[in-house]
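Participant: Here is my input, please return the structure:
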Amino acid sequence: MDSETGKGSRPSKHAVFFLLFLFVLTLGIGIGSLLTYRAGGVARGDSQLKIQTEGKPLVGPEVTALSRAFSTVAKEVEPAVVNINTEELVRVSRRTPQQDDIMGEWLRRFFPEMPQQFRRQNLGSGVIVDPKGYIITNNHVVEGATKIKVGLAGGGDYPARIIATDALSDIAVIKIDGSKDFPYARIGDAKAMKVGDWVLAIGSPFGVEQTVTAGIISATGRVFSQIDDERFVGILFNDYLQTDAAINPGNSGGPLVNLNGEVIGINSFIQSRSGASAGVGFAVPSHIFVNVYNQILTKGKVSRGWIGVDMNALPNMPSLTPAMAKFFGVKQGGGVLITGLVAEDGTPSDTAGPAAKAGIRPEDVIVEFDGKPIYDVPDLRIAVANTPPGQKVKVKVVRHGEEKVFELTVAERTLEAAAQRQQRGALSFEEEEKPRTEIGLKFEDVPADVARQLNIKGGALITSVAPGSLAEDAGLQGQDRGGFDVIVAANGKKIESATEFLNVVRDLKSGESVVVKFLRVSAGQGRRLDARTFYTSFAKP
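Facilitator: Predicted coordinates:
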């Protein structure tokens, strides 16, 4: 009986399978729900991204119009912008031994210097300005190149030849030849550009072709009164456009373009501590490069004006300080003090040069040239250089408080050879402020033999100038600089000894200024001494 009851209470096999099926089904549903929840409940094919074609701008119409203007200008000008690859054959001399020892001497005897050479490649930019294939770029991009290859925006490489270069403006003209006309850019008026105007810089920074950057004109007529590095002497003859459009190595020679799609500048160099763009770039303006280009194509060279004057041009000093302006009777607040007159062969002459023939004299202050106001040395240098030789101009000077006007005929500048430059990296003209606490001069009587060579009775020879002193700020230098200065006059009084100069300074009250006339003496050929006259001023502390 019991056994029968136990046997009948066991669950059937069908029931067991059914319960197991329900358990597995429930478990599967739970796991599926969990996965669906974690996946956000997105089924395949749902919520695909689509490119919107009918979106409305969230900014004002002016901003949208500016963006479209950039795009339009870039599309218009880019076909005329080229990438320039140059190859230069560099020759060097190298000795086998590196140390000066007995073995090295033996090797040098049997293995003299052997010339070595290697090929150096450079990158730059340029812009086609004529459908015949004439291209404007920087002189430093192609200088010394033995092989030039030009890459066009639409594809295709062309060998190029140099038509002519002008180191003093850092402009070069090269040419490519093709079976049909090339796309070219129109030229605009840089003088019409104002600070704040939008511009685009197009080129190949770091070799990345057809790169467009946007910015504004930060300044116009930017000039540099003194550059110590001989590689950059050419920039003294330009009045640059300054822009914050990003310009980097490789942009050199490319165009700076206004919103009319016109080239108003040729990008040349940057001012940066890192060597990359810091928002301070400079471009040769169109009125400069057009003049250079036209002269190159018509005459094969560039001629510049010259009037035969030595100017009071000391490093980091104005030609005329306020104290000097008062001393020479200049009321305009600026001008260029003439310290000497020069003949066309470069020798001092009071009669032979254009300025001398016109009646201009040392200690005249030029305040106007051909109708242009002159405030400092760069103003006069650029105005004269950009005047065609043979042209007659009127020059207004102040002679000890009295205004005079002279007419002179501009001659051709032939005193200097074409500047040899290679632009590497960036320029920087940043200087730290120096304390101005003392005059900082040490001086002595001029030795008799030196006075005899300089044709003077005597003077105060500066032996040293203290760093950070008022004398250093005034541009004076001592014998530790490779030459020396000799003070020959102070506030109009002749100085023939160190004591006389010391007495003039002692008699000054604190804050009063002294205008100093001095000779900057350097070693000439043989044992001859060469001297140039300058003026400067400083106040007694």
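
Participant: Show me the domain layout of the protein.
Facilitator: Annotated domains of the chain cover 72-299, 305-412, 441-539 [automatic domain parsing].

Participant: out of those, which comes closest to residue 26?
Facilitator: With C-beta to C-beta as the criterion, residue 26 lies closest to domain 72-299 of these, at 62.6 Å. All C-beta spots, glycine's among them, are computed from the backbone N, C-alpha and C.

Participant: from the chain's centre, how far out does the host helix or strand of residue 442 sit?
Facilitator: For residue 442, the host element (DSSP states H and E) is strand 441-445. Offset of strand 441-445 from its chain centre (C-alpha atoms, centre = their mean, to the nearest Å): 38 Å.

Participant: measure the residue lying closest to residue 490 once chain neighbours are set aside to residue 516 for me?
Facilitator: Ranked by C-beta to C-beta, 6 or more residues apart in numbering and with sequence neighbours excluded, the top spatial neighbour of residue 490 is residue 504, at 4.5 Å. Separation of residue 504 from residue 516 (C-beta to C-beta, to the nearest Å): 9 Å.

Participant: Between the two, point out the one with more neighbours.
Facilitator: In terms of neighbours (other C-beta atoms under 10 Å), residue 516 is the more surrounded of residue 504 and residue 516; the figures are 27 against 18.

Participant: Quick one: residues contacting the residue nearest to residue 334 when sequence neighbours are not counted.
Facilitator: In space, and not counting its chain neighbours, residue 334 is closest to residue 375: 3.5 Å by C-beta to C-beta, 6+ apart. Residues near residue 375 by C-beta atoms under 8 Å, 6 or more residues apart in numbering: 332, 333, 334, 335.

Participant: Now for those residues, which sits with the most neighbours around it?
Facilitator: Neighbour max across the contacts of residue 375 (other C-beta under 10 Å) = residue 335, 30 neighbours.

Participant: wait, isn't that residue in contact with residue 325?
Facilitator: Yes - the pair residue 335 and residue 325 passes the contact test of C-beta atoms under 8 Å, sitting 7.4 Å apart.

Participant: can you list residues touching both of the two?
Facilitator: residue 365.

Participant: neighbouring contacts of stretch 389-406?
Facilitator: Residues contacting stretch 389-406 (C-beta under 8 Å, 6+ apart): 303-307, 328-332, 335, 338, 355, 358-361, 363-371, 387, 407-413.

Participant: how about that stretch: buried residues?
Facilitator: 393, 395, 396, 397, 398, 399, 406 (16 or more other C-beta atoms under 10 Å).

Participant: do stretch 346-359 as well
Facilitator: 348, 349, 353, 354, 355, 356, 357, 358.

Participant: List just the nearest of those to residue 529.
Facilitator: residue 348 (13.8 Å).

Participant: quick one: that closest one and residue 413, what's the gap?
Facilitator: 17 Å.

Participant: Please enumerate the helices of the stretch 301-450 of the chain.
Facilitator: Using DSSP state H, counting those that start in this stretch, the helices found in the stretch 301-450 of the chain span residues 322-328, 354-358, 377-385, 448-454.

Participant: try the chain
Facilitator: 2-9, 13-38, 61-77, 102-110, 139-142, 286-299, 322-328, 354-358, 377-385, 448-454, 470-473, 498-507 (DSSP state H).

Participant: Just the pLDDT for residue 110.
Facilitator: In this model, residue 110 is scored at 47, pLDDT.

Participant: Roughly how far does residue 484 sit from residue 511?
Facilitator: Distance from residue 484 to residue 511, by C-beta to C-beta: 29 Å.

Participant: Among these two, which residue is more densely surrounded?
Facilitator: residue 484 (24 against 8).

Participant: thought that one was touching residue 464?
Facilitator: No - contact between residue 484 and residue 464 fails when scored by C-beta under 8 Å: they sit 9.6 Å apart.

Participant: residues bridging contact with these two, i.e. touching both?
Facilitator: In contact with both residue 484 and residue 464: residue 478, using C-beta under 8 Å, 6+ apart.

Participant: Identify the bridge partners of the spatially most central residue of the chain.
Facilitator: Centroid-nearest residue in the chain: residue 269, 4.3 Å away (criterion: C-alpha atoms, centre = their mean). Beta-bridge pairing of residue 269 under DSSP bridges involves residue 282.

Participant: follow-up on the earlier one: now do the shared contacts for residue 504 and residue 516.
Facilitator: Common neighbours of residue 504 and residue 516 (C-beta under 8 Å, 6+ apart) are residue 490.

Participant: picking up where we left off before, so can I have a markdown table of the buried residues of stretch 346-359 showing pLDDT and distance to residue 495?
Facilitator: Formatted as a markdown table, the buried residues of stretch 346-359 follow (pLDDT from 0 to 100; distance: C-beta to C-beta, whole Å):
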| residue | pLDDT | distance to residue 495 |
| --- | --- | --- |
| 348 | 87 | 21 |
| 349 | 86 | 25 |
| 353 | 90 | 28 |
| 354 | 94 | 32 |
| 355 | 94 | 27 |
| 356 | 94 | 26 |
| 357 | 94 | 31 |
| 358 | 94 | 31 |
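
Participant: Could you report the distance from residue 538 to residue 440?
Facilitator: For residue 538, the distance to residue 440 - C-beta to C-beta - is 10 Å.

Participant: So between these two, which is more surrounded?
Facilitator: Taking neighbours as other C-beta under 10 Å, residue 538 and residue 440 compare with residue 538 leading, 24 against 21.

Participant: need the contact list for that one.
Facilitator: For residue 538, the contact set (C-beta under 8 Å, 6+ apart) comprises 439, 470, 471, 473, 474, 513, 514, 516.
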